[in-house]
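Undergrad: The sequence and its predicted three-dimensional model are supplied below.
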Amino acid sequence: PDAMNLDNLGLTGTIPRSIATTFTSLTLLNLANNELSGTLPTEIGLLTNLDSLNVESNQIRGSLPSELGKLTRLSSLGVNANPQMTGSIPTELGRLSALNELYLENGNEGATGFIGHLPTELSLLNTKRIVLGGNSFSGTIPTEYGQFVNLTDLVLYNNRLTGPIPSEIA
């Protein structure tokens, strides 16, 4: 199949590493609203035709694999509401020139969520929507974020950001 839409089916267990070698032509992988656990397998980076990846509202833990940066056709990445996910945003996501939507909202009070500084590499994207609220990002908002041409939504609530909003954004 080209699309695998397994949203809200009560799936449990981990995302199998073999998904990338078994379904090589996938353009859509939607595993949202299940009870999946474990980590996001690095092999997902082999799904080079993938246009949309949605794993929000599961129990996935660990960090985003840098291999996601190989998904150059990816237009939507949804990892919201996986309270055990942590780590920084891989700079390799700056390679995703087709990315329109990036959803990394934690949405679970008390969970650390994603950490580190907001990567300046995201400013290279043609993204319309970046949702990073409810995490533990620190530091300042990069002035490079003023370079977003098509950005309509930048959601950064409930992080540990400091400093002023850059004039380049305002």
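TA: Looks like it came in fine. Residues are numbered from 1 along each chain as shown.

Undergrad: In this structure, where is pLDDT below threshold?
TA: 107-110 (pLDDT under 70).

Undergrad: For it, which segments count as helices?
TA: Along the chain, the stretches classed as helices by DSSP state H are 19-22.

Undergrad: Thought Ile130 was touching Leu151, still the case?
TA: Yes. Look at Leu151 against Ile130 with Cβ atoms under 8 Å: they come within range, at 7.0 Å. Just so you know, the C-beta spots here come from the backbone N, C-alpha and C atoms, and that holds for glycine as well.

Undergrad: between those two, who's got more neighbours?
TA: Comparing Leu151 with Ile130 by other Cβ atoms under 10 Å, the one with more neighbours is Ile130, at 22 against 17.

Undergrad: Show the contacting residues for Arg160.
TA: For Arg160, the contact set (Cβ atoms under 8 Å, 6 or more residues apart in numbering) comprises 136-138.

Undergrad: Out of these, which is nearest to Leu9?
TA: Nearest to Leu9 out of the contacts of Arg160 is Ser136 (Cβ to Cβ; 31.0 Å).

Undergrad: my read: that closest one touches Leu118, true?
TA: No. At 11.6 Å, Ser136 does not count as touching Leu118 under the criterion of Cβ under 8 Å.

Undergrad: Give me the more crowded residue out of the two.
TA: A count of neighbours by other Cβ under 10 Å puts Leu118 above the other of Ser136 and Leu118, at 25 against 16.

Undergrad: List the backbone torsions phi and psi for that one.
TA: Dihedral pair for Leu118: phi -70, psi 120, per degrees, to the nearest 10.

Undergrad: ok, it touching Thr143?
TA: No. Look at Leu118 against Thr143 with Cβ under 8 Å: they stay out of range, at 11.1 Å.

Undergrad: In contact with the nearest residue in space to Gly94 that is not next to it in sequence, which residues?
TA: Nearest non-adjacent residue to Gly94, counting by Cβ to Cβ, 6 or more residues apart in numbering: Glu121, 2.7 Å away. Glu121 makes contacts with 91-94, as judged by Cβ under 8 Å, 6+ apart.

Undergrad: nearest to Gly78, of those residues?
TA: Distances from Gly78 to the contacts of Glu121, taken as Cβ to Cβ, are shortest for Leu93 (13.3 Å).

Undergrad: for the residue nearest to the closest one when sequence neighbours are not counted, what are its contacts?
TA: Once flanking residues are discounted, Leu93 sits nearest to Gly69: 5.8 Å by Cβ to Cβ, 6+ apart. Residues near Gly69 by Cβ under 8 Å, 6+ apart: 45, 90-96.

Undergrad: Likewise for Leu11?
TA: Listed by Cβ under 8 Å, 6+ apart, the contact partners of Leu11 are 31, 34-36.
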